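*Asks:* Compute the structure for the input listed below.
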Amino acid sequence: MSLFRRYAYRSLVIGAPLILMCCAGAAVPPSPEPPGPLQPCPSSPNCVSTEAVDPDKKMAPLPYRVDRATSQSLIVSIVRDMPRTTIVTRADHYLHVEFRSRLFGFVDDVEFLFDDAAAVVRFRSASRTGYSDMGVNRKRMTAIGEAYRTAVLGDVARALPARESGS
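*Replies:* Numbering: from 1, shown residues only. Reported below is the predicted structural model:
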């Protein structure tokens, strides 16, 4: 075996388990019942939330676009267009979506809570396993927020009935 192949083999044998140990953890599936308030983020840096106290994990809620139904339909439309996405639960005031990573299939849970009293959409996005997410949850929620804020409501409203009836 050549020197290069020996080092490559050692790197693979040692490196792969180390990467998996950093990313693995006890899977904590979300509750099937829609929550009251959103759960707090864990101490690990793989979560962002509108309810977070830690400024590194805190994000601003999204203001309603017209009303709750329109806001929820808009968010559903946005996440359906994103890759490797599954809508797990859709209720009047709650939406739970799973996002899977392309390479290893790790699951991130995103929960949206529609707060009629404040006319905002609160959310929490967290990796189900592991410690660090390399900023993926924040980037995803920033992208969803930007798409939500810039969406043209007339186009979304016209597209939704045909799209939802085909589901």
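*Asks:* Pretty sure residue 99 sits in a strand.
*Replies:* Yes. Looking at residue 99 with DSSP: H, G, I helix; E, B strand; the rest coil, it is inside a strand.
*Asks:* okay, and for the protein, where does confidence drop off?
*Replies:* The model of the chain has pLDDT under 70 over residues 1-35, 154-167.
*Asks:* In the beta-sheet assignment, what are the partners of the residue nearest to the spatial centre of it?
*Replies:* The centroid of the chain falls nearest to residue 110 when counting by CA atoms, centre = their mean (3.6 Å). With DSSP bridges as the criterion, residue 110 is bridged to residue 97, residue 125.
*Asks:* Could I get the contacting residues of it?
*Replies:* Residues in contact with residue 110, defined by CB atoms under 8 Å, 6 or more residues apart in numbering, are 79, 96, 97, 98, 99, 123, 124, 125, 137, 140, 141. Bear in mind the C-beta positions are built from the backbone N, C-alpha and C, glycine included.
*Asks:* Checking my notes, the first one in a helix, right?
*Replies:* To tie it back to what came earlier, the one meant is residue 79. Yes. Per three-state DSSP, residue 79 lies within a helix segment.
*Asks:* before we move on, back to that, please produce CSV containing the contacts of residue 110, extended by distance to residue 151.
*Replies:* What follows is those, written out as CSV (distance: CB to CB, whole Å):
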residue, distance to residue 151
79, 12
96, 21
97, 17
98, 22
99, 19
123, 16
124, 22
125, 19
137, 21
140, 16
141, 16
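*Asks:* between these, which is nearest residue 49?
*Replies:* Closest approach to residue 49 among these (CB to CB): residue 124, at 4.1 Å.
*Asks:* neighbours around that closest one, how many?
*Replies:* Applying other CB atoms under 10 Å, we find 27 residues neighbouring residue 124.
*Asks:* And what about residue 133, helix, strand or coil?
*Replies:* coil.
*Asks:* Pull the contacting residues for it.
*Replies:* Applying CB under 8 Å, 6+ apart, the residues contacting residue 133 are 45, 46, 108, 127.
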